[in-house]
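Q: Build me a model from this:
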Amino acid sequence: MEYKIALAGNPNCGKTTMFNDLTGSSQYVGNWPGVTVEKKEGKLKANKQAIIQDLPGIYSLSPYTLEEVVSRNYLVTQHPDAMINIVDASNLERNLYLTTQLLEIGVPMVIALNMMDLVRKNGDKIDVAKLSQALGCQIIETSALKGEGSAEVAKAALTLAQRKSLAPKPLSFDPKLEETLAMIQKQIAGNCDPNNLRWFAIKLFERDEKAMEQLNLSAAVLDQIEALRQEAEREFDDDAESIITHERYQAISRILKTCYQKQQTKQRLTTSDKIDKIVTNRILALPIFALVMFVVYYLSISTVGTMMTDWVNDVLFTEIIPPAVEGWLTAANTAPWLQSLVLDGIIAGVGAVLGFLPQMMVLFLLLALLEDCGYMARIAFIMDRVFRRFGLSGKSFIPMLVGLGCGVPAVQASRTIENDRDRKMTIMTTTFIPCSAKLPIIGLISGALFHGSGWVATSAYFVGIAAIIVSGIILKKTKLFAGDPAPFVMELPAYHIPSVKGVLIHMWDRSKAFVRKAGTIIFLSSALIWFLSNFNFSLQMVETPDSILASIGRVIAPIFAPLGWGHWEAAVGSFAGLVAKENLVSVMAILYGFAEVAENGDEMWSVFAQNFTMISAYSFLVFNLLCAPCFAAIGAIRREMGSGKWTWIAIGYQCLFAYVVSLIIYQIGNLLLGGTFGLGTVVGIILLAAMVYLMVRPNPEERTRKLKVAKTAA
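A: Reported below is the predicted structural model:
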């Protein structure tokens, strides 16, 4: 028999670290039914009967975000067999706010008092026995980062599940409020599970619409509950939700007075505070951020990652796999077209993409280190200062950080932005940040044409940020997106040494997803591109310049001529990138007849030099970084926008913006590098002037407001 144990806790409480520690590599990731919120599960290493479910990090069970809705629906309606509430012991009062709500769910619970090493280091004292008695459930001291106590917590939770133990009793509030809640419970008795009776009573008192819908109460019952609620609001001189919030904190305060003693010392700066005085400094923050990202991309693209990538390309996919496969196909006496399909299509296409896997693994490793140590949260804080100056919320940067891995979850992460206009604008712009699928494109251009230059790879990241800022300024001055940005509140976790196991699991999961895509989408696309590039419309095998693909490419290629790469191979590659961005590299590999696309030697330069100059290559790079994302991300945009019209607006804006920026880069850059002055240069200057005007023009909404004020004054 399997037992389901849920992990619940605030963001940054160490929940993911404990989940990784408890499950190891036996994890599987999907989505919660009906929504796109990530669902992580894994079998307990010590007992395969226990399924550990990592719920989204939440601060409460109020339905303000989709993560909170998902967590509470699971806990209330599906009832796991037991629950582990992970509490950050160094922020006890804030974390216990969620605990007071979990006590009302009716699920057997054990509390993991996490980060106790920090509590002891600070000299604070927690009487765990008294705290356990006050909350009515077992509490175990843990340090998930050091792997201390995690196994004991899981064992205790499994014991609760196996014994079908009773849920802990919820905390008591003010006697007058308790009378009101008791009367509401009488009204709804029989409409819900008895274990959830108090929880539903509190939610109905708070005017929780989702709870009302779930119970489907009659109008008469709802009127009686409203009368009780209004009477309580008059009695407490506050609104219902604030009354409950106040009572929760009052209960927490009473408990902590008996069992929590904070070290009374002079306010000393912690190590995290000392680091933050430098890395979040108003003057130093951005240069440090730029330096950190340069190091990340330099190590990934130009040094460590390249060393491994060169071996994969030059040895594995050149000297080992192709000759071995060719020998096997020849021995099997296969047809020439089949040999060409396997060698020139599948191995060349898939191998070209997999050749970048070492670089991507290094990038994933470094990003996981930054995320796990706490610096990623600081980046969001730093960028909020920048973004708010241009009409964007710092919350918009969270999806962009997620977008370093993949555009799909980045688009989905935008749902945490409450303001609808800011959310739509974030969805439209967040894929400007280079995702992992765009890394092969960056590696191709920087490696083959710029001799592995670190600044090219780093500039790709900052081109994305610049595109977002410029778009924010321009779009905020339109009627569709005008208005103040949503406020940004975020907790900065203390810096800590990353968990080796957690970082490696994070890197492995992302790398595995990339390989899976190469084995499916890229595999099929490579076969299709091989067919289109080797057959004509009469289905006769021909040279690539006479193929179906070349015919189609020549029709669309003139569109990109003003960008400096009006040849059909590049045009076809860009369109193929819509299926999956990595596809662009595999297509170029097939069309140009090579697989080792990341090689930095003269041979690669000679292949591309026929069609690219340095400035046209950079224009090509920028266009493919900024234009519409892959089909999977477009699907996510459609789901999050909830409108086909808005989806087309987003795609149209992304493609138009990418085209304009690439044209400006090529035409003006070409002129500055000694090129000729022509019609294209004039168009580039006009477009640059138009973009500057759209950025500096007065805000129409602000202008309207001033006119109204002036008329009122007159």
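Q: and I441, what does it touch?
A: Neighbour list for I441: G577, K581, L584, V585, L621, N624, L625 [criterion: C-beta atoms under 8 Å, 6 or more residues apart in numbering]. C-beta coordinates here come from the backbone N, C-alpha and C atoms, glycine included.
Q: quick one: which two of those are the most distant?
A: Greatest spatial distance among the contacts of I441 (C-beta to C-beta): V585 and L625, at 13.4 Å.
Q: hang on, the earlier thing: as JSON lines, the contacts of I441 with pLDDT and distance to S547 would be great.
A: Formatted as JSON lines, these follow (pLDDT from 0 to 100; distance: C-beta to C-beta, whole Å):
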{"residue": "G577", "pLDDT": "77", "distance to S547": "19"}
{"residue": "K581", "pLDDT": "77", "distance to S547": "23"}
{"residue": "L584", "pLDDT": "78", "distance to S547": "18"}
{"residue": "V585", "pLDDT": "74", "distance to S547": "19"}
{"residue": "L621", "pLDDT": "88", "distance to S547": "26"}
{"residue": "N624", "pLDDT": "88", "distance to S547": "22"}
{"residue": "L625", "pLDDT": "89", "distance to S547": "28"}
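Q: Count the residues that sit near the nearest residue to S396 once chain neighbours are set aside.
A: Spatial nearest neighbour of S396, excluding adjacent residues (C-beta to C-beta, 6 or more residues apart in numbering): T426 at 4.3 Å. Number of residues near T426 (other C-beta atoms under 10 Å) recorded here: 29.
Q: Tell me the pLDDT of T426.
A: Note on T426: pLDDT of 85.
Q: same question, I649
A: For I649, the predicted pLDDT is 91.
Q: That one and I427: what is the separation?
A: Distance of I649 to I427, given as C-beta to C-beta, to the nearest Å: 10 Å.
Q: the more surrounded of those two?
A: Neighbours were counted for I649 and for I427 using other C-beta under 10 Å; I427 has more, 26 against 15.
Q: can you tell me which residues contact the more buried one?
A: V411, S414, I637, E640, M641, A650.
Q: surely the first one meets A633?
A: Same thing as V411. Yes: counting by C-beta atoms under 8 Å, V411 touches A633, with 6.1 Å between them.
Q: M360 sits in which helix or strand?
A: In the assignment (DSSP states H and E), M360 maps to helix 357-373.
Q: which other residues reach that helix?
A: Helix 357-373 has contacts (C-beta under 8 Å, 6+ apart) with 292, 296-297, 299-301, 304-306, 308-309, 311-312, 376, 379, 404-405, 436, 439-440, 443, 495-499, 502-504, 506-507, 510-511, 514-515, 598.
Q: go with 7 Å
A: For helix 357-373, contacts defined as C-beta atoms under 7 Å, 6 or more residues apart in numbering pick out 296, 299-301, 304-306, 308-309, 312, 376, 404, 436, 439, 443, 495-496, 498-499, 502-503, 506-507, 510-511, 514-515.
Q: same deal with stretch 284-300?
A: Everything outside stretch 284-300 that qualifies as a contact, by C-beta under 7 Å, 6+ apart, is 278-279, 305, 359, 362-363, 366, 379, 382, 454, 457-458, 461.
Q: what comes up buried for that stretch?
A: A285, I288, F289, V292, M293, F294, V296, Y297, Y298, L299, S300 (16 or more other C-beta atoms under 10 Å).
Q: Likewise for stretch 318-337?
A: For stretch 318-337, the neighbour count (16+ other C-beta under 10 Å) marks T318, I321, P322, L329 as buried.
Q: Any idea how far apart the tips of it sit?
A: Using C-alpha to C-alpha, to the nearest Å, one end of stretch 318-337 lies 20 Å from the other.
Q: didn't K45 look like it was pressed against D21?
A: No: the pair K45 / D21 is not scored as a contact, 8.6 Å apart, by C-beta atoms under 7 Å.
Q: Which one's more surrounded, these two?
A: Applying other C-beta under 10 Å to K45 and D21 shows that D21 carries more neighbours, namely 24 against 16.
Q: Correct me if wrong: the more buried one contacts S143.
A: No: D21 is beyond contact range of S143, at 10.3 Å (criterion: C-beta under 7 Å).
Q: tell me which residues in stretch 229-246 are buried?
A: R229, A232, F236, A240, I243, I244, T245.
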